[in-house]
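>>> attaching a predicted model along with its sequence, questions to come.
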Amino acid sequence: MKQAGVSLIETLVAITILGVVLSLAAVPFRGTAPKYKLLRCVREIHSRMNYARYKAICSGTKVRLRFEADGYLVETWDRDQGLWTQAPKFFVDGAVIAANNTPTFHPKGTVSNLCTIHVSNSWGHFKLSLAISGRIKVTRVDPPPSGT
């Protein structure tokens, strides 16, 4: 009489083959993490700059962004105390930020301290330019590596 089913050895061989196939299929996706970390960082900074502008318009006070290599701070002008108060720092993962100025958004929607922000990592480099009107232009400075 013949028994139905598969043996333990057959199951282990099938699992091993499946593991090898999955590991080979994952190789092309290993290099994509820096790309998506950089794009996420650029979108986050762009969004936060728009947020600061609208916060200045809605609250009627000046709001500025202060950039550091590993993140940025949103600061609001406190008229009563005559100083900038800051929210918790926003950290970025997988990219480096460099800014030539600290943009200040005014209640009328304009900006002083015009700014160019460079965001880069191993995958590429983006530049965010801020105009006096509050418009933000995002430009890729260098093309991405070939094959991505």
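Here it is on my side, so go on.

>>> tell me which element the spatially most central residue of the chain is part of?
Centroid-nearest residue in the chain: C41, 0.9 Å away (criterion: CA atoms, centre = their mean). C41 belongs to helix 33-59 when assigned by DSSP states H and E.

>>> mean confidence for that helix?
The pLDDT scores in helix 33-59 average 93.

>>> tell me what it is packed against?
Secondary-structure packing of helix 33-59 (3 or more CB pairs under 8 Å, 6 or more residues apart in numbering; DSSP states H and E): strand 63-68, strand 71-78, strand 104-105, strand 116-120, strand 125-130, strand 136-140. Backbone N, C-alpha and C define where each C-beta goes, glycine included.

>>> where in the protein is pLDDT low?
By pLDDT under 70, the weakly predicted segments of the chain are 1-2, 143-148.

>>> need the contact list for K37.
Contact analysis of K37 by CB atoms under 8 Å, 6 or more residues apart in numbering lists 93-95, 121, 123.

>>> no no, S59
76, 107.

>>> same check on G60?
With contacts taken as CB under 8 Å, 6+ apart, G60 has the following neighbours: P107.

>>> sorry, back to before: in the helix holding C41, what's buried?
If you call a residue buried by 16 or more other CB atoms under 10 Å, then helix 33-59 has these buried ones: 34-35, 37-38, 41-42, 44-46, 49, 52-53, 55-57.

>>> how about stretch 75-94?
In terms of neighbour count (16+ other CB under 10 Å), stretch 75-94 has its buried residues at 75-77, 84, 92.

>>> kindly report the same for stretch 116-129.
Within stretch 116-129, the residues that count as buried by 16+ other CB under 10 Å are 117-121, 123-128.

>>> same deal with stretch 96-114?
Neighbour-count burial for stretch 96-114 flags 97, 99, 101-106, 111 (criterion: 16+ other CB under 10 Å).

>>> end to end, how far does it reach?
Using CA to CA, to the nearest Å, the span of stretch 96-114 from its first residue to its last is 20 Å.

>>> now do that stretch: distance to the chain's middle.
Distance of stretch 96-114 from the chain centroid (CA atoms, centre = their mean, to the nearest Å) equals 18 Å.

>>> how about a markdown table for the buried residues of stretch 96-114, with distance to S23 added?
Output for the buried residues of stretch 96-114, formatted as a markdown table (distance: CB to CB, whole Å):
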| residue | distance to S23 |
| --- | --- |
| I97 | 35 |
| A99 | 41 |
| N101 | 47 |
| T102 | 47 |
| P103 | 46 |
| T104 | 51 |
| F105 | 49 |
| H106 | 55 |
| V111 | 50 |
